[in-house]
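Participant: make a model of this:
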Amino acid sequence: MAPSTRTVGIVGLGFGRAHIPAFQSHGCEVVAVCQRDQVAARKVAERYGVPRVFERWEQMLEQARPDIVVIAAPPALHRPIAVEALAAGAHVLCEKPLAMDAADARAMVEAAQRAKRTAMTCFNWRFPAAMQRLHAMVEAGFLGRLFHVNLRYFGPRFADEEVAPTWRMDRAQAGHGAMGDMGVHLVDLVRWHFGEFKRLTAQAGIAHPSRTVPGGGRAGDAEDYCAVTGELVSGALVTLVASRVARGVTQQTIEAYGTDGALQYRLDRGTPRWWRGELRAVGRSGSFAPVKAPAGLPKSAGEGDPLEVVGKTTIAPLVKRFLAATRTGQSPSPSFEDGLRAQAVLDAVLESIASGGRMVSI
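Facilitator: Reported below is the predicted structural model:
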């Protein structure tokens with residue numbers, strides 16, 4: 001291992017497995033993985049050449065002492081892992097949602113500030129080429145004054161009633177359902193492109209009330225679909241819908257309309273080279289036309305199973321920014337602060353749902 005090579009430990013190997021090729025593609029040494037299911041963890045370690053496997057994250061921090069800790073465990077564990085990892089001197093990349101609520105997220109932000117370490121939230125859907133191009137156009141004023149924006153993130157993961165229960169169905173572990181899985185990305189994209197939320201109202205539903213949390217005992221209580229309508233600080237209206245029970249589609253879309261133009265973004269996981277995304281634009285007149293957005297990724301980025309492709313095409317660009325920041329101790333966007341601000345919106349969503357759809361200020 002070269003003296004400058006960063007070492008990485010990963011906690012949680014569901015979606016966390018996607019982080020392994022993302023870091024390895026930048027020359028990092030993934031030295032440890034951690035998961036309670038040791039059989040599955042050892043298979044992952046063998047597949048990617050990871051030398052150490054741990055059952056408990058505390059043991060991983062103490063014994064492997066990685067330079068970087070990736071947190072991809074259930075959100076209920078994010079705060080304790082992050083606080084301990086930062087105190088131990090590690091930089092931290094945490095999966096979304098950043099925490100269970102804004103209070104936990106704020107504690108994580110403060111822990112990173114005390115430690116003077118890089119701390120970022122894995123909002124990886126900022127990084128498809130077409131999304132990056134959309135952001136540049138918005139920043140350049142292409143839309144003019146924004147009137148309204150519509151977003152959706154649909155997937156079929158829990159559409160079948162027979163799907164085995166997971167922690168994602170348990171609000172005590174996940175904090176949220178579809179909004180934590182998917183909707184938080186939409187919240188982040190709204191904030192990144194268009195500015196902060198001012199107020200919102202939300203409604204949600206559970207597709208199959210007969211489902212229980214893992215181990216049974218009680219019904220699953222995390223939403224499977226959620227619709228949010230809100231107002232931004234700018235005065236623009238926003239609507240977003242997240243669903244993990246949408247059969248036949250795994251897709252993200254954004255439509256934004258303003259005084260000077262409009263933009264339409266689409267990422268459809270069922271199409272070739274989906275990780276580039278598609279962008280169309282129209283000015284004050286005419287009709288929508290495609291906008292070119294070169295991906296700038298190696299051909300090998302599209303090779304492997306779906307999780308590996310997600311890692312190499314959408315997480316690896318974030319990792320590049322993360323690694324550059326570790327050399328200066330900075331925390332560029334998407335930072336823990338971005339995760340905290342998104343968490344405040346999620347808190348408002350829960351409050352609105354609990355009240356039957358009342359408008360809630362952020």
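Participant: make it CA atoms for all contacts and neighbour counts henceforth
Facilitator: Fine.
Participant: give the buried residues for stretch 322-337.
Facilitator: Neighbour counts using 16 or more other C-alpha atoms under 10 Å place 322-323, 325-326, 329-337 of stretch 322-337 among the buried residues.
Participant: ok, now stretch 110-123?
Facilitator: Neighbour counts over stretch 110-123 (16+ other C-alpha under 10 Å) mark A111, A112, Q113, A115, K116, R117, T118, A119, M120, T121, C122, F123 as buried.
Participant: repeat that for stretch 92-110.
Facilitator: Buried, per 16+ other C-alpha under 10 Å, within stretch 92-110: 92-102, 104-109.
Participant: one step back: could you dump the buried residues of stretch 110-123 to CSV with pLDDT?
Facilitator: Below are the buried residues of stretch 110-123 laid out as CSV (pLDDT from 0 to 100):
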residue, pLDDT
A111, 98
A112, 98
Q113, 97
A115, 97
K116, 97
R117, 98
T118, 98
A119, 98
M120, 98
T121, 98
C122, 98
F123, 98
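Participant: need the residues you listed in TSV (columns: secondary structure and distance to S234).
Facilitator: Output for the buried residues of stretch 110-123, formatted as TSV (DSSP: H, G, I helix; E, B strand; the rest coil; distance: C-alpha to C-alpha, whole Å):
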residue	secondary structure	distance to S234
A111	helix	32
A112	helix	30
Q113	helix	30
A115	helix	35
K116	coil	33
R117	coil	33
T118	coil	31
A119	strand	29
M120	strand	26
T121	strand	25
C122	coil	26
F123	coil	23
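Participant: from these, pick the one nearest V233.
Facilitator: For the buried residues of stretch 110-123, the closest approach to V233 (C-alpha to C-alpha) belongs to F123, at 21.9 Å.
Participant: wait, what's in contact with the closest one?
Facilitator: E95, K96, H185, D188, P334 (C-alpha atoms under 8 Å, 6 or more residues apart in numbering).
Participant: returning to what we had before: from the buried residues of stretch 110-123, which is closest to F154?
Facilitator: In terms of C-alpha to C-alpha, no member of the buried residues of stretch 110-123 lies closer to F154 than F123, at 16.7 Å.
Participant: thinking again about what came up before, dump the buried residues of stretch 322-337 to a markdown table, plus distance to Y257 and secondary structure.
Facilitator: Formatted as a markdown table, these follow (distance: C-alpha to C-alpha, whole Å; DSSP: H, G, I helix; E, B strand; the rest coil):
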| residue | distance to Y257 | secondary structure |
| --- | --- | --- |
| F322 | 32 | helix |
| L323 | 35 | helix |
| A325 | 34 | helix |
| T326 | 38 | helix |
| G329 | 38 | coil |
| Q330 | 34 | coil |
| S331 | 32 | coil |
| P332 | 28 | coil |
| S333 | 25 | coil |
| P334 | 25 | coil |
| S335 | 28 | strand |
| F336 | 29 | helix |
| E337 | 28 | helix |
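Participant: and stretch 238-258, how far apart are its ends?
Facilitator: Chord length of stretch 238-258, first to last residue, is 12 Å (C-alpha to C-alpha, to the nearest Å).
Participant: centre of the chain to that stretch, how far?
Facilitator: Put simply, stretch 238-258 sits 15 Å off its chain's centre (C-alpha atoms, centre = their mean, to the nearest Å).
Participant: show the average pLDDT along that stretch.
Facilitator: Stretch 238-258 shows a mean pLDDT of 98.
Participant: give me the most central residue, the chain.
Facilitator: The chain has F123 as the residue nearest its centroid, 3.9 Å off, counting by C-alpha atoms, centre = their mean.
Participant: any stretches of the stretch 1-150 of the chain with poor pLDDT?
Facilitator: 1-4 (pLDDT under 70).
Participant: mind listing the strands for the stretch 1-150 of the chain?
Facilitator: 7-11, 29-34, 52-54, 68-71, 91-94, 119-121, 146-154 (DSSP state E, counting those that start in this stretch).
Participant: give me the contacts around the helix or strand following the longest one.
Facilitator: As assigned by DSSP states H and E, the chain's next helix or strand after strand 146-154 is helix 171-174. Under the criterion C-alpha under 8 Å, 6+ apart, residues P74, P75, A76, M100, W167, R168, G177, G180, G220, D221, A222 lie in contact with helix 171-174.
Participant: before we move on, back to that, including distance to L263, could the strands of the stretch 1-150 of the chain go into JSON lines?
Facilitator: Listed next are these as JSON lines, based on distance: least, C-alpha to C-alpha, whole Å:
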{"stretch": "strand 7-11", "distance to L263": "37"}
{"stretch": "strand 29-34", "distance to L263": "39"}
{"stretch": "strand 52-54", "distance to L263": "46"}
{"stretch": "strand 68-71", "distance to L263": "34"}
{"stretch": "strand 91-94", "distance to L263": "30"}
{"stretch": "strand 119-121", "distance to L263": "26"}
{"stretch": "strand 146-154", "distance to L263": "9"}
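Participant: pick the most deeply packed of the ones you listed.
Facilitator: strand 119-121 (a mean of 30; mean count of other C-alpha atoms under 10 Å).
Participant: tell me the spacing between A174 and H78.
Facilitator: For A174 relative to H78 (C-alpha to C-alpha), the value is 10 Å.
Participant: same check, this time on V11
Facilitator: 10 Å.
Participant: please enumerate the shared neighbours of the two.
Facilitator: By C-alpha under 8 Å, 6+ apart, the residues touching both V11 and H78 are I71.
Participant: domains of the protein?
Facilitator: Domain assignment for the chain by automatic domain parsing gives 7-124+316-333, 127-298+341-361.
Participant: hey, C-alpha coordinates of stretch 34-44 in CSV?
Facilitator: Output of stretch 34-44 as CSV, limited to C-alpha atoms (Å, rounded to 0.1, in the frame of the first residue of the first chain):
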residue,chain,number,x,y,z
CYS,A,34,-18.9,-4.6,8.9
GLN,A,35,-22.2,-6.3,9.0
ARG,A,36,-24.1,-8.5,11.5
ASP,A,37,-24.6,-11.2,8.9
GLN,A,38,-21.1,-12.5,8.9
VAL,A,39,-21.6,-15.1,6.2
ALA,A,40,-22.8,-12.5,3.7
ALA,A,41,-20.1,-10.1,4.9
ARG,A,42,-17.3,-12.6,4.3
LYS,A,43,-18.6,-13.3,0.7
VAL,A,44,-18.5,-9.6,0.0
